[in-house]
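Colleague: Show me how the following folds:
(one chain, ligands or ions: 1)
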Amino acid sequence: MRLRAGRVTGAKAGSGSALLESGHLPRQIVLERAQSRDLAALCQLLKLASLPDEDVTEERLQHFLIGRLDTRLIGVIGLEPYQDVALLRSLAVAREHSGVGFGKHLVAAAEKLAAEMKITSIYLLTTTADRFFERLGFRRLQRDLAPLAIKSSHQFASLCPTSAVLMVKP
Ligand SMILES: CC(C)(COP(=O)(O)OP(=O)(O)OC[C@H]1O[C@@H](n2cnc3c(N)ncnc32)[C@H](O)[C@@H]1OP(=O)(O)O)[C@@H](O)C(=O)NCCC(=O)NCCS
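Modeller: Okay, the predicted model is just below:
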């Protein structure tokens, strides 16, 4: 999968074909970098998933990936880089497309993007999906052990409830 190349269809995912191993994903799904014009639909998807969207800005979108089926935005994931670490955030899959492996696919794509950005550790906060992320190799970490940059992020400092679980990989 070559994110830099722009649009990449599931059918032509090439080296990213392992991301589609479930075989249940519609082949027409296009995974691409989010652009300014996606902001409204992307925020709508986050709202529907009960995830915060108030700090998603056009500038931040440069590290967001979206999945499209036809013209519809059906999935999103974002990275918030801080030097060599990043916060993985805003993972949402439209309800009618959940359960077929697209969430996993988005996480793998974000990890690939993080590797390209020389990110060494990925952190995330979740209230609902810790088991999901555990299966993808993330482990729980005490919140006070997060790097300062992650602690200072808007998500960590104010948007995510203090009950949210902090996880990291590797
Ligand atoms: C969490 C979410 C992104 C998963 O997307 P998805 O496309 O349905 O997930 P997948 O189909 O890739 O699921 C992969 C596996 O994880 C499991 N899974 C999905 N959501 C899960 C959850 N919240 N907790 C535990 N396991 C979960 C699936 O059952 C599936 O299991 P299987 O491989 O045994 O079949 C989606 O449910 C969603 O948008 N939730 C609301 C927003 C949210 O909670 N985001 C994460 C916090 S940042």
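Colleague: distance of L145 from A92?
Modeller: Per CB to CB, to the nearest Å, L145 is found 27 Å from A92. In short, each C-beta sits where N, CA and C put it, glycine included.
Colleague: Pick out whichever of these two has more residues nearby.
Modeller: A92 (23 against 10; other CB atoms under 10 Å).
Colleague: how about the residue nearest to that one when sequence neighbours are not counted, phi and psi?
Modeller: Spatial nearest neighbour of A92, chain neighbours left out: A49 (3.7 Å); criterion: CB to CB, 6 or more residues apart in numbering. When read as degrees, to the nearest 10, the backbone of A49 gives phi -90, psi 10.
Colleague: Which residue would be the closest one in this protein to the ligand?
Modeller: G103 (2.3 Å; CB to the nearest ligand atom).
Colleague: Was I right to think the residue nearest to A92 contacts S98?
Modeller: No. At 9.7 Å, A49 does not count as touching S98 under the criterion of CB atoms under 8 Å.
Colleague: quick one, which of those two is more surrounded?
Modeller: A49 (17 against 14).
Colleague: Just the pLDDT for that one.
Modeller: In this prediction, A49 carries a pLDDT score of 96.
Colleague: Contacts only, for T127.
Modeller: C160, P161, S163, A164, V165 (CB atoms under 8 Å, 6 or more residues apart in numbering).
Colleague: same thing but at 7 Å, please
Modeller: Contact analysis of T127 by CB atoms under 7 Å, 6 or more residues apart in numbering lists P161, S163, A164.
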